[in-house]
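In: Fold the following for me, if possible:
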Amino acid sequence: MTHTLVALAAALGLAAGAWAQKPVKPPAPKSQSEMVALMAVQNAPDADSRLKAIQELLSKFADTEFREFALQMETISHQQKDDFDKMLIAGERTLEVNPDNVVVLITLAQSIPQRTREHDLDKDEKLGKAEKFAKRAQVQLPVLEKFNPQITDEEWAGYRKAAMSQTHESLGMIAFVRKDYAAAEKSFQAAVEVSPQVDPTLLYRLAMVYATQNRHDEAIAALDKAIAAGGVKVGDKDLAAEQKAASMKAKAGAKPPAPATPPQVDIKRP
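Out: Residues are numbered from 1 along each chain as shown. Have a look, this model is predicted:
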């Protein structure tokens with residue numbers, strides 16, 4: 001999931017604070033030293049290096065106009081490190097600066113249902129918040145302006161389609177946790193259709209919804225497409241291949257094993 005968000009953030013570049021429905025002039029660094037600090041954040045090779053650079057930027061330049069950009073990248077970095085609590089805090093701080101930050105809206109919309117379980121006392125509250133984030137991103141994406149001239153119009157369209165696909169995927173995961181399988185199926189299908197390329201993870205999630213409803217032929221067909229697209233690899237396992245075997249056993253009348261990974265669990269895409 002994170003790779004598309006990082007790409008989208010990079011496409012927007014250092015104009016993150018300028019996101020709006022109408023184009024506005026992006027901010028500019030106030031000094032060469034601030035520019036160096038900003039580039040250290042943007043060009044950091046890994047999450048730990050990026051978090052260190054963000055801390056230095058915000059401590060040295062408390063009045064920086066790139067606070068939203070820094071907090072956005074902090075959110076993504078914590079997501080990459082699977083630190084949900086810190087990711088949520090950074091994400092909410094970003095949205096305090098700009099409630100329409102698409103990258104953070106999608107990050108939270110996808111991460112919250114992955115950490116929400118059936119018997120959580122605050123399940124409805126968390127899922128409602130995630131749904132609001134996903135739908136807000138869907139409103140913003142069609143009017144999101146490209147501020148990085150180095151990105152071609154074709155590339156920008158691809159980023160926006162991939163991001164829109166992820167909003168549908170988020171709504172599918174939310175619906176699955178709610179056990180609203182019809183809504184989950186509709187959202188995952190929309191994610192598959194909007195995605196600019198064949199995404200085996202989306203097909204796997206859709207197949208899991210079919211399997212939950214004992215629609216084994218449809219599950220197997222979706223899993224065949226997922227396997228052909230490279231599968232869903234976790235370690236030395238292919239979840240798509242494992243679920244296909246389970247669905248084939250279920251179709252034959254044998255009791256299948258429990259699915260290895262339900263569709264709301266985060267799967268690290270390559």
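In: What is the burial count for the residue lying closest to residue 216 once chain neighbours are set aside?
Out: Residue nearest to residue 216 in three dimensions, not counting chain neighbours: residue 251, with 4.0 Å by Cβ to Cβ, 6 or more residues apart in numbering. The way it works is simple: take the backbone N, C-alpha and C, and place the C-beta from them, glycine included. Per other Cβ atoms under 10 Å, the neighbour tally for residue 251 reads 16.
In: contacting residues around residue 251?
Out: Going by Cβ atoms under 8 Å, 6 or more residues apart in numbering, residue 251 touches 216-217, 220.
In: what ranges of the stretch 1-150 of the chain fall below the confidence cut-off?
Out: Across the stretch 1-150 of the chain, the ranges flagged by pLDDT under 70 are 1-27, 147.
In: mind listing the helices for it?
Out: Per DSSP state H, counting those that start in this stretch, the stretch 1-150 of the chain carries helices over the ranges 2-12, 32-42, 47-60, 67-80, 84-97, 102-114, 123-140.
In: swap in the stretch 151-270 of the chain?
Out: 153-177, 181-194, 200-212, 216-228, 239-251.
In: Can you give the contact residues for the third one?
Out: In this case it means helix 200-212. 165, 169, 172-173, 176, 181, 184-185, 188-189, 191-192, 195, 216, 218-220, 222-223, 225-227, 229-232, 239-240, 243, 246-247, 250, 259, 262-263, 267, 269.
In: now stretch 85-100, how far from the chain's geometric center?
Out: Its chain's average C-alpha position is 15 Å from that of stretch 85-100, according to Cα atoms, centre = their mean, to the nearest Å.
In: Let me fix that, I meant to ask about stretch 167-183.
Out: Distance, stretch centre to chain centre, for stretch 167-183: 14 Å (Cα atoms, centre = their mean).
In: related to what we said a few turns ago, restricted to buried residues, select the contacts of helix 200-212 in PyMOL.
Out: Of the contacts of helix 200-212, the buried ones go into a single PyMOL selection, burial set by 16 or more other Cβ atoms under 10 Å:
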select buried, resi 165+169+172+173+176+181+184+185+188+189+191+192+195+216+218+219+220+222+223+225+226+227+229+231+232+239+240+243+246+247+250+259+263+267
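In: Please tell me how far the residue nearest to residue 216 sits from residue 217.
Out: For residue 251, the distance to residue 217 (Cβ to Cβ, to the nearest Å) stands at 7 Å.
In: same deal with residue 47?
Out: Distance, residue 47 to residue 217, using Cβ to Cβ: 42 Å.
In: cool, residue 81 as well?
Out: Distance, residue 81 to residue 217, using Cβ to Cβ: 40 Å.
In: Counting neighbours, go ahead and name the busier of the two.
Out: Just comparing residue 81 and residue 217: by other Cβ under 10 Å the higher neighbour count belongs to residue 81, 14 against 10.
In: isn't that one right next to residue 49, touching?
Out: No. Counting by Cβ atoms under 8 Å, residue 81 does not reach residue 49; the two are 11.8 Å apart.
In: what number of residues lie near residue 56?
Out: When neighbours are defined as other Cβ under 10 Å, residue 56 has 14 of them.
In: Wait, it touches residue 38, no?
Out: No. Counting by Cβ under 8 Å, residue 56 sits too far from residue 38 to count as a contact (10.6 Å).
In: Not counting its neighbours along the chain, what's nearest residue 213?
Out: Counting by Cβ to Cβ, 6+ apart, residue 213 lies nearest to residue 181, which is 5.6 Å off, once chain neighbours are set aside.
In: Please apply the same query to residue 198.
Out: Closest residue to residue 198 apart from its sequence neighbours, by Cβ to Cβ, 6+ apart: residue 229 at 4.4 Å.
In: ok, the one you found to residue 209 distance?
Out: Distance from residue 229 to residue 209, by Cβ to Cβ: 18 Å.
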